[in-house]
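Student: pasting the sequence and the predicted model now:
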Amino acid sequence: MTVIAGGAAGGAAAARPQLIREINEQVLLDHIRRSGPISRTELAGLTGLSKPTVSAALSSLERTGLVHVTGQRTGVPGPAASLYEVRPEAGFVLGLDVGREYLRGGIADLAGTVRSRLSVRTKAGDAMARIQELVDLTGTLAAEAGIEVTQLTQTVLGSPGVYDPRLDALTLTGRLSGWDSPATLAALRERFGPTLMIENDVDAAAIAERAHGHGRDVDSFAFVSVGTGIGMGLVLDGKLRHGSHGVAGEIGYLPFTEGSGSDPRDARKRGGFDASASAAAVVRAARRAGVRGASTAEKVFAAAVRGDPLAAAVVAEEALLVAKAVCTVITVVDPDLVVLGGGIGQAPGFLEAVTKQLRQLAPVMPEVKASVLGTETVVAGCLAAGLDRAWQTLAGNSAG
């Protein structure tokens, strides 16, 4: 963001003093959020604003309750400097993760501290019952955080499927029955209010990887999730990319159907690659190969680790399929890093198997790593996205 220094001469600046104050306050707020506790002098040095301008902007931010003095810096020459940081209680963010088996959620304050976190098994048989469970979960989270639901500044819902802004609809919601109904979106908005944001769950995981995982150190990376479903979150030049219709990263629809676990009916519902390489496909492949006790993908991988040659062949085929998909991503966007996530993507030994295949397929080799983030990854990404949006809103309100 460009800094416009206060007190500048000239008709254009004089004609827009309110705009100048708004921009300066937003710039200072961003620095305090990311670097605090921080002093007036340090803020002046970072922004290039004069000390009187910084003092006036800080006074305004204090009056609106967004920042406060948290202490003083001593032990350096000169008077003790007051240190400013964000006031955590100025707002709260709710992150929710909608899954087929579990609903997860968390509430964080504006400093990013998680005040409550909870995971519950869903019993819902339809979309409306699932929404009610999300509402109930929100109430429990708020109570544990010691706040009222009305204090929530921003809500972000991590959900299978994509939001198409052109249609104002949820699409490609896969295994969540009824979740793509217009009534579902309307009910979500009614229950969670105008601050509701809906983010694809794998994209939310990519945001978490950007904030807390391997993605912190690179500008461009692909987060490839392989598990119950298959998807990708794509961060390019530091920004999550959704595409014109919201489907950037829906690699489950890649036309890769050669896996022995592929199923044409499943492919018509969820895409060729999903039907060939998701957890259900691994189970189908294992059963067709004669692997005993292949009731879940986890058991197939465990059998491979124990030395079962049939299970090992299924895992090797899965690694090749995923490597082909990753190779496609590499040749199109050439990311610095590829992160594997999901139950299969993070399975022991799978990273090495995919990397081995990828070295034979790809024209260049980015770093390939397995995510170290756990089951709360989507919630963490929702909270990170919600904090960014909440600060944008609050900064605009304070400047107004």
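Tutor: Sure thing, it's come through.
Student: please name every helix or strand in contact with the helix or strand containing Glu352.
Tutor: Glu352 is part of helix 350-361, with elements assigned from DSSP states H and E. Counting contacts by 3 or more Cβ pairs under 8 Å, 6 or more residues apart in numbering; DSSP states H and E, helix 350-361 is packed against helix 309-333, strand 337-341, strand 367-370. All C-beta spots, glycine's among them, are computed from the backbone N, C-alpha and C.
Student: show me which residues of that helix are buried.
Tutor: Residues of helix 350-361 classed as buried by neighbour count (16 or more other Cβ atoms under 10 Å): Phe350, Leu351, Ala353, Val354, Thr355, Gln357, Leu358.
Student: relative orientation of that helix and helix 309-333 in degrees?
Tutor: 60 degrees (axes from the mean of the first three to the mean of the last three Cα atoms, to 10 degrees).
Student: report the inter-axis angle for helix 350-361 versus strand 337-341.
Tutor: Using the same axes, to 10 degrees: helix 350-361 against strand 337-341 is 140 degrees.
Student: any idea how far helix 350-361 is from the chain center?
Tutor: 26 Å (Cα atoms, centre = their mean, to the nearest Å).
Student: relative to Gln132, which of the helices and strands packed on helix 350-361 is closest?
Tutor: Closest approach to Gln132 among those is made by strand 337-341 (29.3 Å; Cβ to Cβ).
Student: same for that closest one, what does it pack against?
Tutor: Secondary-structure packing of strand 337-341 (3+ Cβ pairs under 8 Å, 6+ apart): helix 201-212, strand 221-226, helix 309-333, helix 350-361, strand 367-370.
Student: apply 10 Å and report the result again.
Tutor: Where contact means 3 or more Cβ pairs under 10 Å, 6 or more residues apart in numbering; DSSP states H and E, strand 337-341 is packed against helix 201-212, strand 221-226, strand 230-236, helix 309-333, helix 350-361, strand 367-370.
Student: pull the helix or strand with minimum mean pLDDT from this protein.
Tutor: Lowest mean confidence among the helices and strands of the chain (mean pLDDT, DSSP states H and E): helix 11-15, at a mean of 43.
Student: in the very next helix or strand once past that helix, what's buried?
Tutor: The helix or strand immediately downstream of helix 11-15 is helix 17-35, counting by DSSP H and E. Applying a neighbour-count criterion of 16+ other Cβ under 10 Å, one finds 20-29, 31-33 buried in helix 17-35.
Student: just for the stretch 301-400 of the chain, where's the confidence low?
Tutor: 395-400 (pLDDT under 70).
Student: same thing but 90
Tutor: Scanning the stretch 301-400 of the chain for pLDDT under 90 picks out 374-375, 388, 390-400.
Student: want to throw the buried residues of helix 17-35 into CSV with pLDDT and distance to Val162?
Tutor: Conversion of the buried residues of helix 17-35 to CSV gives the following (pLDDT from 0 to 100; distance: Cβ to Cβ, whole Å):
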residue, pLDDT, distance to Val162
Ile20, 75, 39
Arg21, 75, 39
Glu22, 74, 34
Ile23, 79, 34
Asn24, 79, 37
Glu25, 79, 35
Gln26, 79, 30
Val27, 83, 33
Leu28, 84, 36
Leu29, 82, 32
His31, 84, 34
Ile32, 84, 35
Arg33, 79, 29
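Student: kindly check the end-to-end length of stretch 70-84 for me.
Tutor: 6 Å (Cα to Cα, to the nearest Å).
Student: let me know the average pLDDT across it.
Tutor: Mean pLDDT, computed over stretch 70-84, is 72.
Student: out of the buried residues of helix 350-361, who's nearest Ser50?
Tutor: Closest to Ser50, out of all of the buried residues of helix 350-361 and judged by Cβ to Cβ, is Leu351, at 52.2 Å.
Student: just checking, that closest one touches Ala319?
Tutor: Yes. With contacts counted by Cβ atoms under 10 Å, Leu351 reaches Ala319, the gap being 9.3 Å.
Student: that older thread, how about the helix holding Glu352 as CSV, C-alpha atoms only?
Tutor: Output in CSV follows, covering the C-alpha atoms of helix 350-361 (Å, rounded to 0.1, in the frame of the first residue of the first chain):
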residue,chain,number,x,y,z
PHE,A,350,4.0,-41.7,0.1
LEU,A,351,6.0,-38.5,-0.3
GLU,A,352,9.1,-40.5,-1.3
ALA,A,353,7.1,-42.7,-3.7
VAL,A,354,5.5,-39.7,-5.5
THR,A,355,8.9,-37.9,-5.6
LYS,A,356,10.6,-40.9,-7.2
GLN,A,357,7.9,-41.1,-9.9
LEU,A,358,7.9,-37.4,-10.4
ARG,A,359,11.7,-37.3,-11.1
GLN,A,360,11.0,-39.5,-14.2
LEU,A,361,8.1,-37.4,-15.4
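Student: can you list contacts of that helix?
Tutor: Applying Cβ atoms under 10 Å, 6 or more residues apart in numbering, the contact partners of helix 350-361 are 224, 226, 301, 304, 312, 315-316, 318-328, 330-331, 338-340, 342-345, 347, 362, 365-371.
Student: which of the residues you listed are buried?
Tutor: The buried subset of these - by 16+ other Cβ under 10 Å - is 224, 226, 301, 304, 312, 315, 318-328, 330, 338-340, 342-345, 347, 362, 366, 368-371.
Student: contact partners of stretch 281-294?
Tutor: 226-227, 230, 259-263, 266-267, 273-278, 295-304, 308-315, 317-318, 321, 343-344, 347.
Student: what do you get for stretch 58-75?
Tutor: Around stretch 58-75, the neighbours that count as contacts under Cβ under 10 Å, 6+ apart are 21-22, 24-26, 28-29, 32-33, 36-43, 57, 79-91, 110, 391, 394-395, 397-400.
Student: if we go to 8 Å?
Tutor: 21, 25, 28-29, 32, 36-37, 39-40, 43, 80-87, 90, 110, 394-395, 397-398 (Cβ atoms under 8 Å, 6 or more residues apart in numbering).
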